[in-house]
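Asks: I need the structure of the sequence given here:
(2 chains, ligands or ions: 2)
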Amino acid sequence: MSLEISSLNVSIADKQILKDFNLTIPKGEVHAIMGPNGTGKSTLAKALAGHPDYTVNKGSALLDGEEIFGLEPDKVARKGLFMAFQYPVEIPGVSIANFIRAAVTARMNKEASDAFSATAYYKALYAKMDELKIPREFTARSVNEGFSGGEKKRCEILQMAMLRPKYAILDETDSGLDIDALRIVAEGVETMRGPDIGIVVITHYQRLLNYIKPDVVHVMYGGRIVKSGGPELALELEARGYGWVEKEFGALV
Amino acid sequence: MDKSQSLLGDAVFETHLKSLRDMPDWLIELKKEAWVRYKALPFPVRKNEMWRFAHVDGLALDDFVHDDTQGKRECELLICDCGADLNFSDDAHVGGKTLSEELAKAGVLFMPLELAIREHPELVRKHLFERMPDMGSEKYQALHVALFSTGVFLYVPRGVQVELPLQSVHSATREGGSVFPHTLVVAEEGASVTLFDIFRSSKENIRHFACAAADIYATAGANVRYRLVQAWSGNALAFHLNSATAGAQSVVDAITINIGGAHIRGEQHGRIIGKGGEVIMNSLSLARGKQEIDQRTLQTHDAEDGHSDLLYKNVLLDQAHTIFSGLIRVAEGAQRTDAYQTNRNLLLSPDAESDSLPGLEILANDVKCSHGSSTGQLDDEQLFYMLARGIPRRQAQELLVFGFFEEIIAKIGNPHMADYVRQLLQDSFSLQ
Ligand SMILES: Nc1ncnc2c1ncn2[C@@H]1O[C@H](COP(=O)(O)OP(=O)(O)OP(=O)(O)O)[C@@H](O)[C@H]1O
Ligand SMILES: [Mg+2]
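Replies: Ligands and ions are numbered 1, 2, ... in the order given. The predicted structure is shown next:
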């Protein structure tokens, strides 16, 4: 069981961003992707999630053997792919509670969703919110509206916790978090870690990886993965920057 | 349907006069004059600025009749725990819960209008038809005066606070028929009250005509919250010709919810006549099918230090058409006026059309006024965010529409009423 991405070519506004991108995330593993700004990390996440602005010119993504390209974004999500947005979107007038509830019930059949009581829902929601130290008043607030950067990121992880995806791509979920929040969010992700989920963390900072120890670290450059290794690769990047990557792999891309 | 009682012939008015019981002469005179005015005034034409963008062809009234005999009794509909309610069916009072003894003792009146005319003529006469909006529908205003037979009279004496909201429901049940409900609210100095005024048809598809008028007076320091729910049948032609008058330091806070109707013409004139008066005008409309919702507003500042705030939000589906035409008019002496007007339209279909005509006419020099309008589609990024959580497209659109409306719904100020409105919107949305 895995999320298997092969020969993926993606362009936006006629500009090719991902070039023959290959990556396989087996269930039960955590992979980190690091790479300079503009290299296509978010493009990868959004293309997988089915964002209409990104054109998949070639390639495939098999989620436990099933092709997800060509499916509507909501269908991809219900198949079990979750993306935590780098820039979560504000939705005025739609409360967190209603939003997450709609997402949860979208995964149920009619009977189950009719039987899903408000009490059961709030119980589950409050439990996760407490874990992530999100004040309960947040349920009544509009989705991400007026949230601080860190609150938005925490709320992304809350959604992930409620939706229990098979594969999750966390796009810079650590950016904007203060030191305590980083630990809380990382612990939240760690709790979800297990044999039934494959996780990709996109990050610029080694610090997150102290909390969420990745099985594999990939370096992305120029729209593809140019180097993979163990956690020590993240330390190397932190120490040396990306200059050497450009020198070594610049010619390839 | 009795064709001899067409709204275009004199017979209908004669029958109406005969049906009236114990009405004072002054009222009969008003009605006779109004009928003459109605007959003399022309039907609207599009080149008249006050009918710009409107489809006027359907307004000729040639296939509607009026019938003064009592229709069938409509079932009661209680939205919330209310202080009292009045139920009307085809312009006849058919029941409701009376006011508490305490409020009645305090002098609050909440009764069918014709009863009030008989029992409290001096209170009713002072304001009845005193200030109609006069915003293009003068012919229909005259018809309303000529043919109205009942409605709501709400009177709150000086200093009395009515805590629980009051509710009235006006139902139309007759195919091809017409109703002329009138609402008159008078709040004396320092009084406070909330009225939910609900307009509906007994069946979803009946075609009928409604020409309603609501007239609200807040005397110095009074506070009136008026919530109008227009939920006529999807085949109805309806006029809502409303006016609100705010005295010194008083507040009239009006919300209009448009959900039903085939063709709706709404006129809302908010007037500030006393120093520091305040008029709030909010509206939400969900327009579907080939519906036309044509709303014209006027915020008139005739006194100093007044405040008016207007927000009209429309969502359009299918081939629906909405018109918003609003004017802020500040009189020469109305210094330190604060007046705002905003119209926002959300188009969910490429075949829908919304027209917006905001305007200002300012004769004072020390004022703060602004107006704005915007028309757009659902935000793609918001939609994608929802889809990315697995919410199906239709439901995501619905959530976004509700989110757009929530700004108005949140202002209703009563959770039961807000839920009632949400439910109506939900039902309407699922007809899509
Ligand atoms: N709408 C667009 N039109 C043109 N170019 C775009 C558009 N959206 C993204 N790009 C470009 O695609 C490239 C890849 O962007 P992407 O967001 O995937 O980078 P990233 O690796 O996530 O960077 P960061 O680390 O800064 O988040 C960038 O050069 C960006 O400018
Ligand atoms: Mg990015």
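Asks: for chain A, what's the nearest residue on chain B?
Replies: When scored by CB to the nearest CB, chain B has residue B:403 as its residue closest to chain A, at 3.0 Å. No exception for glycine: its C-beta is placed from N, CA and C like everyone else's.
Asks: who's in contact with that residue?
Replies: Residues near residue B:403 by CB atoms under 8 Å, 6 or more residues apart in numbering or on different chains: A:91-94, A:142.
Asks: try 7 Å this time
Replies: Applying CB atoms under 7 Å, 6 or more residues apart in numbering or on different chains to residue B:403 gives the contacts A:91-94.
Asks: skipping adjacent residues, who's closest to it in space?
Replies: In space, and not counting its chain neighbours, residue B:403 is closest to residue A:93: 3.0 Å by CB to CB, 6 or more residues apart in numbering or on different chains.
Asks: count the residues that sit near that neighbour.
Replies: Number of residues near residue A:93 (other CB atoms under 10 Å in any protein chain shown) recorded here: 20.
Asks: same question, residue A:164
Replies: Look at residue A:164: counted by other CB under 10 Å, it has 14 neighbours.
Asks: now it: phi and psi?
Replies: When read as degrees, to the nearest 10, the backbone of residue A:164 gives phi 40, psi 60.
Asks: what pLDDT is listed against it?
Replies: In this model, residue A:164 is scored at 96, pLDDT.
Asks: with residue B:414 instead?
Replies: So residue B:414 comes in at 94 (pLDDT).
Asks: and if you look at residue B:75?
Replies: For residue B:75, pLDDT reads 63.
Asks: check residue B:3 too.
Replies: pLDDT recorded at residue B:3 is 83.
Asks: relative to residue B:62, how far out is it?
Replies: 11 Å (CB to CB, to the nearest Å).
Asks: now for the residue of the stretch 1-150 of chain B found nearest ligand 2: which residues touch it?
Replies: Residue of the stretch 1-150 of chain B nearest ligand 2, by CB to the ion: residue B:53 (45.4 Å). Counting by CB under 7 Å, 6+ apart, residue B:53 touches B:323, B:355.
Asks: tell me the SS of it?
Replies: Under DSSP: H, G, I helix; E, B strand; the rest coil, residue B:53 falls in the coil class.
Asks: check residue B:39 too.
Replies: Quick answer, by three-state DSSP: residue B:39 is helix.
Asks: just say helix, strand or coil for the residue nearest to residue B:403.
Replies: Using three-state DSSP, the secondary structure recorded for residue A:93 is strand.
Asks: do you know how far it is from residue A:79?
Replies: From residue A:93 to residue A:79 the distance is 29 Å (CB to CB).
Asks: shouldn't residue A:32 be within a strand?
Replies: Yes - assessed with three-state DSSP, residue A:32 lies in a strand.
Asks: wait, it touches residue A:208, no?
Replies: No - using CB atoms under 7 Å, residue A:32 and residue A:208 do not qualify as a contacting pair, with a distance of 8.2 Å.
Asks: shared neighbours of these two, anything?
Replies: With CB under 7 Å, 6+ apart, residue A:32 and residue A:208 have common neighbours residue A:201.
Asks: what residues of the worst-scoring helix or strand of chain A on mean pLDDT count as buried?
Replies: Lowest mean confidence among the helices and strands of chain A (mean pLDDT, DSSP states H and E): helix A:243-249, at a mean of 84. Buried positions in helix A:243-249, judged by neighbour count with 16 or more other CB atoms under 10 Å in any protein chain shown: A:245, A:249.
Asks: what's that helix packed up against?
Replies: If contacts are counted by 3 or more CB pairs under 7 Å, 6 or more residues apart in numbering or on different chains; DSSP states H and E, helix A:243-249 sits against strand A:216-221.
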